[in-house]
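Give me coordinates for this.
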Amino acid sequence: MFMTIYTKAGDKGQTTLFTGKIVEKDDERMDAYGTVDELNSFLGLAKAEIKTEKFREMLDKIQADLFVIGAEVAESDKNKKINYSNVSDLEKWIDETDKELAPLDRFIIPDGAVPACTLHIARTVCRRAERKIVSLNKKQKINEFIMMYLNRLSDLLFVMARGENSKARVEEKKWKGKITV
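Predicted structure coming up:
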């Protein structure tokens, strides 16, 4: 049977969650999992640019996790699938990647090779997704491991960006500004 991609059900600004509940398209839950979807798309772009096979394999797993996170945020906290094991994978990858990099003694400018730049963009979208889910959690309980996962993921994307610049032999630009209080 042929199905069209459009349903016309959202033409008036509403959509249906997995639970069957109808909400406005600008509902906080929609905004949160929509941002997770945006993050997933940026990771797809990053994966197309990345030279490091190990990083592409990590992103395959992460993109699958983000689909689970999006579904979990969309349907509420009843069906927890993301757990500490998912977070632990990210921590292991952060440690493995970071030990291959020069230590940081100050902030770096998020630029360099295209693969690194796409990872930096994904990192900032990840931080926004995390903020939206933290806000949503204040009103509707969200699986705590999702917030942990997104927090670690932004750290992983940062070290992956540094790794891509290192592999491309692009020197990191250190921020030389001063913070005044």
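
My reading is that Thr15 lies in a helix. Confirm?
No - using DSSP: H, G, I helix; E, B strand; the rest coil, the assignment for Thr15 is strand, not a helix.

how about the residue positioned nearest the centre of the chain, what does it touch?
Nearest to the mean C-alpha position of the chain, by C-alpha atoms, centre = their mean, lies Cys126 at 3.7 Å. Counting by C-beta atoms under 8 Å, 6 or more residues apart in numbering, Cys126 touches Leu39, Leu150, Leu153, Ser154, Leu157. Any C-beta I mention is one placed from the backbone N, CA and C, and that applies to glycine too.

which SS state does it fall under?
helix.

Quick check, pLDDT for it.
pLDDT, Cys126: 98.

List the buried residues of the lowest-mean-pLDDT helix or strand in the chain.
Lowest mean confidence among the helices and strands of the chain (mean pLDDT, DSSP states H and E): strand 14-16, at a mean of 80. Neighbour-count burial for strand 14-16, counted by 16 or more other C-beta atoms under 10 Å, picks out Thr15.

Now do that strand: distance to the chain's middle.
In this view, strand 14-16 has its centroid 24 Å away from the chain centroid, taken as C-alpha atoms, centre = their mean, to the nearest Å.

Show me what that strand pairs with in its sheet, parallel or antiparallel.
strand 22-24 (antiparallel) (DSSP bridges).

What is the next helix or strand after the strand it pairs with packed up against?
As assigned by DSSP states H and E, the chain's next helix or strand after strand 22-24 is helix 28-49. Here helix 28-49 touches strand 22-24, helix 53-75, helix 114-137, going by 3 or more C-beta pairs under 8 Å, 6 or more residues apart in numbering; DSSP states H and E.

now, of the ones you listed, which is deepest in the fold?
Comparing the helices and strands packed on helix 28-49 by mean neighbour count (mean count of other C-beta atoms under 10 Å), helix 114-137 comes out on top with a mean of 21.

what are the phi and psi values for Glu171?
phi -70, psi 130 (degrees, to the nearest 10).

how far away is the closest residue to Asn137 other than its chain neighbours from Glu100?
Closest residue in space to Asn137, ignoring its immediate chain neighbours: Met147 at 6.8 Å, by C-beta to C-beta, 6 or more residues apart in numbering. As judged by C-beta to C-beta, to the nearest Å, Met147 and Glu100 stand 28 Å apart.
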